[in-house]
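Peer 1: Turn this into a structure:
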Amino acid sequence: MINPFQKKKEAVAFDIGSNSIKLIQMSQSKKGWELQKMGMTELPPEAIVDGSIIDSMTVTNALKEMVKEHGVKIKDTVSSLTGHSVIIKKVNFPAMTEDELADSIQWEAEQYIPFPITDVNIDFQILGADTEGKGQMDVMLVAVKKDVINDYTNVIKEAGLNPVVIDVDSFALENMMEVNYPVTPGENVAVVNIGASITSISVIAGGMTVFTRSIPMGGNQFTEEIQRQMNVSFRDAEEMKTGKKTEGVDVAALQGVVETVSTNLSFEVKRSLDFFIGGAQGADINKIYLSGGGAKSKGLLEMMQDKTAMPVELADAFKNLIANPRQFDTEKLGALSQHFGVAIGLATRRFADK
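Peer 2: Predicted structure coming up:
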């Protein structure tokens, strides 16, 4: 959204989520992608709500601390947005060249955007040319509210960094999948990214995102429900959610709470994927990949598999990366893999930008 085609030799990625900030710096060689720096710091509740920054000072200070702690020398940064301020729609436009669409996108897009067109930044990707001679083409339209972009770029600038690209979470995940899971011709996969407060669902066909949807549910819903029903602290509920805390826990009661939230989330995912399948002739979903901090919630994978009747697996964001074992603990990378899907995808952006 900000200089989206500006080439940058080096950049550091910050995935600024409502629960934590993830930092990734990588380099690319003939051998592949090499992990250079990674870090994660938690944010207090209410610092970021539904993708909107509420407490900018806290976010700026967290970024400053991460830069200092991990010895980040590069100023140029790539980050991303999600939530209700981001509109992503697959739409049908009259067939035209990319240059022609760029010139007319403002008025072409106006009917699809629920905000005043002057309040948003618009980007697009042509998904398919007019191969059937019908004079129409599919376009992925992206609109992001300018004030939200400004909030993110301001906290990055206040931290002494230079924001060169502001992406969207679902497209960053597409990049992460491309690095780790090579495209199989004719295969459609869904990536369900379960953040703290928002779950984004993307369908990737032929290596390209063709459908996205966000739902206002996430990992915090599990924690809050455990906290409420089992009368424990937020921290204890977090540990119970992932199975870290077991001592003195009423396992049956915990399982009941988790199952309820998992069922609700799984049905929402199923509804979204059914909507995609219903609108795409002959399309199917071959596999679901779970990403995000909430992906490891106990029993969620099995529940999702049961309710959607599709194979489900955890997306390993570090799967094909080269990581020096003297610098990065393999076990730690495995434990944190789902948290870093967006950040890994963002860290690849700088080489794709022309």
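Peer 1: G71: neighbour count?
Peer 2: 8 (other CB atoms under 10 Å). Backbone N, C-alpha and C define where each C-beta goes, glycine included.
Peer 1: and the residue nearest to E110 when sequence neighbours are not counted, what is it in contact with?
Peer 2: Taking CB to CB, 6 or more residues apart in numbering, and ignoring the residues beside it in sequence, E110 has I117 as its nearest neighbour in space, at 4.9 Å. The contact partners of I117, by CB atoms under 8 Å, 6 or more residues apart in numbering, come to Q106, W107, A109, E110.
Peer 1: Look up how far I16 lies from I117.
Peer 2: Plainly put, I117 is 26 Å away from I16 if you go by CB to CB, to the nearest Å.
Peer 1: that older thread, check what pLDDT the residue nearest to E110 gets.
Peer 2: Note on I117: pLDDT of 88.
Peer 1: measure it to Q106 for me?
Peer 2: From I117 to Q106 the distance is 6 Å (CB to CB).
Peer 1: now do S233
Peer 2: 50 Å.
Peer 1: Can you show me the helices along the stretch 1-150 of the chain?
Peer 2: 56-69, 98-109, 146-158 (DSSP state H, counting those that start in this stretch).
Peer 1: quick one, the last one and helix 56-69 angle?
Peer 2: For helix 146-158 and helix 56-69, the angle between their directions (axes from the mean of the first three to the mean of the last three CA atoms, to 10 degrees) works out to 40 degrees.
Peer 1: and the helix or strand that helix 146-158 is followed by, what does it pack onto?
Peer 2: Next in sequence after helix 146-158, counting helices and strands by DSSP states H and E, comes strand 162-168. With contacts taken as 3 or more CB pairs under 8 Å, 6 or more residues apart in numbering; DSSP states H and E, strand 162-168 sits against strand 76-81, strand 136-145, helix 146-158, helix 341-347, helix 349-352.
Peer 1: Please state the offset of the first one from the chain centre?
Peer 2: In this case it means strand 76-81. 12 Å (CA atoms, centre = their mean, to the nearest Å).
Peer 1: Centre-most residue in the chain?
Peer 2: Taking CA atoms, centre = their mean, the centroid of the chain lies closest to D169, which sits 3.4 Å from it.
Peer 1: Identify the residues contacting the closest residue to it other than its chain neighbours.
Peer 2: Excluding its sequence neighbours, the residue lying closest to D169 (CB to CB, 6+ apart) is T82, at 4.1 Å. Residues near T82 by CB under 8 Å, 6+ apart: G51, V168, D169, S170, G195, I198, S200, S214.
Peer 1: Highest neighbour count among those?
Peer 2: Busiest of these [other CB under 10 Å] is D169, holding 30 neighbours.
Peer 1: surely that residue meets L346?
Peer 2: No - applying CB atoms under 8 Å, one finds D169 not in contact with L346, separated by 9.0 Å.
Peer 1: Overlap of the contact sets of these two?
Peer 2: D15, S80.
Peer 1: Burial check on the residue lying closest to G219 once chain neighbours are set aside, number of neighbours?
Peer 2: Closest residue in space to G219, ignoring its immediate chain neighbours: G294 at 2.9 Å, by CB to CB, 6+ apart. Using other CB under 10 Å, G294 is surrounded by 30 other residues.
Peer 1: which residues touch G294?
Peer 2: I194, G195, A196, T199, G218, G219, N220, F222, L300 are the contacts of G294 under CB under 8 Å, 6+ apart.
Peer 1: so what's the first one scoring on pLDDT?
Peer 2: Reading off the per-residue confidence, I194 sits at a pLDDT of 94.
Peer 1: ok, it to I54 distance?
Peer 2: 21 Å.
Peer 1: if you count what's nearby, which of these two comes out ahead?
Peer 2: Neighbours of I194 and I54, each counted by other CB under 10 Å, are more numerous for I194; the result is 28 against 13.
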